[in-house]
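1. only the shape, not the letters, is given here:
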Ligand code: NDP
C-alpha cells in the first residue's frame, strides 16, 4: 500500500461475514487498480457520513442495517436511490458524498436471462423488495407484492404495485390461479431457517403456474426454490444479484466499465471462502 492507494470499505453491523472485500479486491487486482478494501463495523449508523469522510474513503458499500442511514446522510442521490429510500454505495466526489443504490440494477441484471417478463410476484416487502419493485416499475413490469403483514403497503401502492397479504391472496386464488412470469422471494424466510415465505397452499399453485423463480438468498437451495425444483421450473438463487450489485459499485469506484473477464474475476473472488 502506498500513499496513493485509494481506500474503500463496507459498513455494516455485523460485517464480518461480508464477501464484498474479497470480491472487490479480486476486481482491483485484475485491473491493477491501486486500492484497498476493508470491513468497517459501524455500530451507530447516524455517524456514517463523518466516519466515511474522516477515514478518507474514496468509496464504500453499505449493508444491513445502515442503508437508510446512508440514504439520509448522502449529500447527493442518484435517481433510483431517491425512489427506493436506501443507499448501498457511497462515492466521495470532491468532498461531497454521492449515494447510489446498485442492489436494484444488480437484481435486474441477474434476471436478464429470464425472457419476456411482463408480470412479477414479489414475495416480501422489506428493503430489498423496495429496491426490486422500483427497478421493475422503471422497466414497466407489472409488480404484485405478497407479504405476511401490511408493512410498507403504502410504499408499494404509491409506486403502482398491487399489494396482497396472505388472506387477500387466498381470496384471489379462490377465484382462479394467476400465472406470473416470475416469482421472487425477497423475504428472509429460508435464510437461517427452513421456513417458506408464504403458506404452501398459496405457494404451490402459484409456482406451478409460473415460468421462472428467483430467490434473493444465495448459496443454498431454499425451501422456496425446492418447490420450484419440484415443479421443474427454472430457478436462480441470489448469487448473481450480489455479484452484479458489486460489479456496478466497482464501476462507480474505479470509473472503469467491467468487461466479461473482470466480472469473472470478481465472481471468483466472491466464491473464495
Ligand atoms: P428486511 O428485514 O428488510 O425484510 C424482510 C422481509 O421478509 C419482510 O417483508 C418480512 O415480513 C419478511 N419475512 C421475514 N421472515 C419471514 C417469514 N418467516 N415468513 C414470511 N415472510 C418473512 O430484509 P431485506 O429486505 O434486507 O432482506 C431480505 C432478504 O434478501 C434476506 O434474505 C437477504 O439475505 C436477501 N438479500 C440478498 C441480496 C443479494 O445481493 N443477493 C441483497 C440484499 C438482501 P414483515 O414485513 O411482515 O416483517
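-> Nice, thanks for sending it over. Just so it is clear, the structure is predicted and the values come from calculations on it, not from any experiment. Numbers count the residues shown, from 1 in each chain.

2. now do stretch 164-183: distance to the chain's middle.
-> Counting by C-alpha atoms, centre = their mean, to the nearest Å, stretch 164-183 is centred 25 Å from the centre of its parent chain.

3. show me the protein divided up by domain.
-> For the chain, automatic domain parsing gives the domain ranges 6-101+240-271, 115-233.

4. show me what contacts whatever residue of the stretch 51-200 of the chain ends up closest to the ligand?
-> In the stretch 51-200 of the chain, no residue comes nearer to the ligand than residue 126, which is 1.9 Å away by C-beta to the nearest ligand atom. Quick note: C-beta positions are derived from backbone N, CA and C, even for glycine. By C-beta atoms under 8 Å, 6 or more residues apart in numbering, the contact list for residue 126 reads 151, 152, 186, 187, 188.

5. likewise residue 160?
-> Applying C-beta under 8 Å, 6+ apart, one finds that residue 160 lies in contact with 137, 143.

6. can you name the two of the contacts of residue 126 that sit furthest apart?
-> 152 and 188 (14.6 Å; C-beta to C-beta).

7. and the stretch 151-273 of the chain, which residues reach the ligand?
-> When proximity is defined by C-beta under 6 Å from any ligand atom, the stretch 151-273 of the chain lies next to the ligand at 151, 186-189, 191, 195, 197, 216-218, 238, 241-242, 245.

8. please pick the buried ones from these.
-> Buried by 16 or more other C-beta atoms under 10 Å: 186, 187, 189, 197, 216, 217, 218, 238, 241, 242, 245, out of these.

9. skipping adjacent residues, who's closest to the last one in space?
-> Of all residues not flanking residue 245 in the chain, residue 106 sits nearest, at 3.2 Å (C-beta to C-beta, 6 or more residues apart in numbering).

10. so the one you found is in contact with residue 244, correct?
-> Yes - under the criterion of C-beta atoms under 8 Å, residue 106 makes contact with residue 244 at 3.8 Å.

11. how far away is residue 26 from residue 246?
-> Distance from residue 26 to residue 246, counting by C-beta to C-beta, to the nearest Å: 10 Å.

12. returning to what we had before: quick one: the residue nearest to residue 245 from residue 114, how far?
-> For residue 106 relative to residue 114 (C-beta to C-beta), the value is 15 Å.

13. so for those two, which residue has more residues nearby?
-> residue 106 (24 against 17; other C-beta atoms under 10 Å).

14. residue boundaries of the strands in the stretch 101-250 of the chain?
-> 119-123, 142-146, 162-164, 182-185, 212-215, 235-236 (DSSP state E, counting those that start in this stretch).

15. which of those strands sits most buried?
-> strand 182-185 (a mean of 28; mean count of other C-beta atoms under 10 Å).

16. ok, for the spatially most central residue of the chain, nearest residue in space, not its chain neighbours?
-> With distances taken as C-alpha atoms, centre = their mean, residue 103 lies nearest the centre of the chain, 3.7 Å away. Once flanking residues are discounted, residue 103 sits nearest to residue 131: 4.5 Å by C-beta to C-beta, 6+ apart.

17. so the one you found sits against residue 85, correct?
-> No - when contacts are counted by C-beta under 8 Å, residue 131 is not listed as touching residue 85 (9.4 Å).

18. more crowded one of those two?
-> Legend: neighbour count by other C-beta under 10 Å for residue 131 and residue 85, higher for residue 131 (30 against 17).

19. so how far is residue 268 from residue 33?
-> Distance from residue 33 to residue 268, counting by C-beta to C-beta: 16 Å.

20. show the pLDDT at residue 238.
-> Residue 238 carries a pLDDT value of 96.

21. name the nearest residue to residue 114, ignoring sequence neighbours.
-> Per C-beta to C-beta, 6+ apart, closest to residue 114 is residue 212, 4.5 Å.
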